[in-house]
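Student: with the input below, show me the fold.
(chains A and B)
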Amino acid sequence: SQKIEQNSEALNIQEGKTATLTCNYTNYSPAYLQWYRQDPGRGPVFLLLIRENEKEKRKERLKVTFDTTLKQSLFHITASQPADSATYLCALDPNNYGQNFVFGPGTRLSVLP
Amino acid sequence: EAQVTQNPRYLITVTGKKLTVTCSQNMNHEYMSWYRQDPGLGLRQIYYSMNVEVTDKGDVPEGYKVSRKEKRNFPLILESPSPNQTSLYFCASSSPSRQTNTGELFFGEGSRLTVL
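Tutor: I've put the predicted structure just below:
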């Protein structure tokens, strides 16, 4: 069956450290994968997209990798801050046409001061 | 300001009383979709629409209806709500991924529905 999983339901780290979140998928062949941030009571907000031919993508303190062999994406936040505390969702597009996205269950990140 | 607007944000209703959650976007996006979010299950797609008068089922369409009569609006209709439809609902819009660099979804702020 098709599945998309995020390795931790919750992750606590100290301020200043690098947070690493994992997204694994099974029986999909996505051409790209996205990461979103969701704050409590708010809608998800798009952060980054990485395509299958890209090994790594960066945006400020964020870095995403995509390994189609391992069927895994890693999401890193360097020099983490308490303001980075949120739930992070990975999403893929099974048909690769931007119609119906499948989301992982999310990882709730808490950055402790 | 580019946005997706949902109403109502909060609603408590009773079993069987028809309700509609409205969704409107001002970005001229072709694609619109509805998701529900439940603890432990994440976001699941209910219905999506590729353009006006074109809609299709997502992963959990049972008990819901949608319509797309105008490009900007995509209401979600619960004809006879039941307690298992108690959830947090999100509307989203996007442009087809072949036309944009990101194909990102723009979400509304959510509508928390409780069915008693």
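Student: so what pairs up with the residue in chain B positioned nearest to chain A in the strands?
Tutor: Residue nearest to chain A within chain B: residue B:107 (3.2 Å; CB to the nearest CB). Just so you know, the C-beta spots here come from the backbone N, C-alpha and C atoms, and that holds for glycine as well. In this entry, residue B:107 is beta-bridged to residue B:92, by DSSP bridges.
Student: could you do residue A:35 as well?
Tutor: Per DSSP bridges, the residues bridged to residue A:35 are residue A:48, residue A:90.
Student: got the end-to-end distance for stretch B:83-92?
Tutor: Its first and final residues considered, stretch B:83-92 spans 24 Å by CA to CA, to the nearest Å.
Student: would you map the strands across the chain?
Tutor: Chain wasn't specified; assuming chain A. Ranges of strands in chain A, per DSSP state E, are A:3-6, A:10-14, A:19-26, A:32-38, A:45-51, A:56-59, A:62-67, A:72-77, A:86-92, A:102-103, A:107-112.
Student: chain B was what I was after
Tutor: Along chain B, counting by DSSP E, strands occupy B:4-7, B:10-13, B:19-25, B:31-38, B:42-51, B:54-57, B:65-66, B:76-78, B:87-94, B:106-107, B:111-115.
Student: given the longest one, what are its sheet partners and their directions?
Tutor: Pointing back at strand B:42-51 there. As assigned by DSSP bridges, strand B:42-51 forms pairs with strand B:31-38 (antiparallel), strand B:54-57 (antiparallel).
Student: show me what counts as buried in the longest one.
Tutor: Of all the residues in strand B:31-38, those buried under the rule 16 or more other CB atoms under 10 Å in any protein chain shown are B:31-37.
Student: could I get these as JSON lines with pLDDT and distance to residue B:14?
Tutor: JSON lines is the format used below for these (pLDDT from 0 to 100; distance: CB to CB, whole Å):
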{"residue": "B:31", "pLDDT": "92", "distance to residue B:14": "33"}
{"residue": "B:32", "pLDDT": "95", "distance to residue B:14": "28"}
{"residue": "B:33", "pLDDT": "96", "distance to residue B:14": "27"}
{"residue": "B:34", "pLDDT": "97", "distance to residue B:14": "22"}
{"residue": "B:35", "pLDDT": "97", "distance to residue B:14": "24"}
{"residue": "B:36", "pLDDT": "97", "distance to residue B:14": "19"}
{"residue": "B:37", "pLDDT": "96", "distance to residue B:14": "22"}
